[in-house]
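Novice: Any chance you can model this:
(one chain, ligands or ions: 2)
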Amino acid sequence: MTSKNNLLVTNYFHPETISKLDKLYRTHHLWEYPASEKLNLIRKLEGKCHAVATASWACDDLIYNLNSLELISCFGVGVDAIDFEKTNDLNIKVTNTPDVLNDSVADIALALILATTRSIVTADKFVRSKNWEKGPLTFGHSLAGKTLGIIGLGRIGEEIVQRALPFKLEIAYHNRSPKDLPYTYYPTIEELAQNSDILLCMLPGGEKTLNMINGAVFEKLGPNGVFINVGRGSSVDEDALVSALQTNQIFSAGLDVYANEPNVPAALLGMDNVVLLPHIGSATVETRREMGNVVIANLEAYFENKPLLTVVNHS
Ligand code: NAP
Ligand code: 8YV
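Specialist: Ligands and ions are numbered 1, 2, ... in the order given. Below you'll find the model as predicted:
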């Protein structure tokens, strides 16, 4: 009988996938070790362990002490927790789970667009609190004919477009470079904001996008504008967002992601003109299972010396 390959697992990213990994590999659960013992574990695995499985949005930098490490198989598409300077220097390959989550994340983006423009959460509270008996709820805003501006029109962004078009939204976008698509391209986020009714961020996290959406962007979006963030919280200057909502510089916001999760700026918690979700873009039973299957498929390919399925080419 051949012995199982060692696999270092950094965090408890998805119970079902971790159970599968426990059956397939000789797993070492780094998160279960006391801080003082983690490095000892990594030293013991030196030369015997070549692969790590981790959440893509949270990792443990101690893994870069494992000199025999060759593959980091990430659960998630946004790989902002990976130190690409280190993986490039140390010649470690990184994989993620693109595409399988596009539909679920795009669904949440549309849910936030509807929830913000039609005040769905406030409307629910309005009925439960019996305020309806005192008079009607303040009107929301229509979608037909309005412009949805997407910052970061990539795999998920294109699925959002497929859902937005039947709602009769016009589409505009900003990426670093235009795509061969029939939507209006703006070379800056501010220009996109100026020409959008709903501004939706689908940007990756990391240094390059840090605080890209700032006070100047909200000023351009204007008092009827809606801001949605399903990308990463780090792309938004949260203080500027709070201020824009407090002063009615923008109409409302819908957020699935925050700069310092699970901490949400306290000021947002008391506001009626913001809808807050707990980073649930990909959180369906089916999608998380598919993401786990991609993590496993990449590990299997690596151990069988086959081409990896979804290598991240960091740009
Ligand atoms: P993707 O296909 O790589 O799309 C990202 C888009 O952003 C690309 O079109 C890219 O175009 C643009 N972009 C990247 N850097 C930029 C910059 N500095 N300035 C302007 N545009 C930039 O990625 P995806 O699969 O759609 O995922 C996007 C992100 O969504 C992930 O990285 C992750 O952070 C987030 N996400 C969130 C959830 C959730 O649960 N809320 C779930 C999945 C993913 P150019 O290269 O032309 O600039
Ligand atoms: C997370 C995500 O993986 O894929 C990403 O980049 O942000 C999500 O799908 C998910 O939140 C896991 O908790």
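Novice: can you give me the helices for the protein?
Specialist: In the chain, the helices defined using DSSP state H lie at 15-24, 35-45, 84-89, 102-117, 120-128, 155-164, 189-194, 215-221, 238-246, 266-269, 285-303.
Novice: So which of those helices is the most surrounded?
Specialist: helix 102-117 (a mean of 22; mean count of other C-beta atoms under 10 Å). No exception for glycine: its C-beta is placed from N, CA and C like everyone else's.
Novice: Which elements pack onto that helix?
Specialist: Helix 102-117 is packed against helix 155-164, strand 198-201, strand 226-229, strand 252-255, strand 274-276, helix 285-303, with contacts defined by 3 or more C-beta pairs under 8 Å, 6 or more residues apart in numbering; DSSP states H and E.
Novice: Could you list every helix and strand that the last one packs against?
Specialist: Identification of packing neighbours for helix 285-303 by 3+ C-beta pairs under 8 Å, 6+ apart yields helix 15-24, strand 49-55, strand 71-75, strand 93-95, helix 102-117.
Novice: Kindly report the same for the third one.
Specialist: Strand 226-229 is packed against helix 102-117, strand 198-201, strand 252-255, with contacts defined by 3+ C-beta pairs under 8 Å, 6+ apart.
Novice: And for the first one, what's in contact with it?
Specialist: Spelled out, it's helix 102-117. Residues outside helix 102-117 that contact it (C-beta atoms under 8 Å, 6 or more residues apart in numbering): 120-121, 140-143, 148, 155-156, 158-160, 162-164, 167, 198, 200, 202, 226, 228, 230, 251-256, 274-275, 277, 280-284, 286-287.
Novice: returning to that earlier point: can you list the helices of the chain in a markdown table and add distance to ligand 2 and mean pLDDT?
Specialist: Below are the helices of the chain laid out as a markdown table (distance: least, C-beta to the nearest ligand atom, whole Å; pLDDT from 0 to 100):
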| stretch | distance to ligand 2 | mean pLDDT |
| --- | --- | --- |
| helix 15-24 | 11 | 98 |
| helix 35-45 | 22 | 98 |
| helix 84-89 | 15 | 96 |
| helix 102-117 | 7 | 99 |
| helix 120-128 | 21 | 97 |
| helix 155-164 | 9 | 99 |
| helix 189-194 | 21 | 98 |
| helix 215-221 | 22 | 98 |
| helix 238-246 | 17 | 98 |
| helix 266-269 | 19 | 98 |
| helix 285-303 | 7 | 98 |
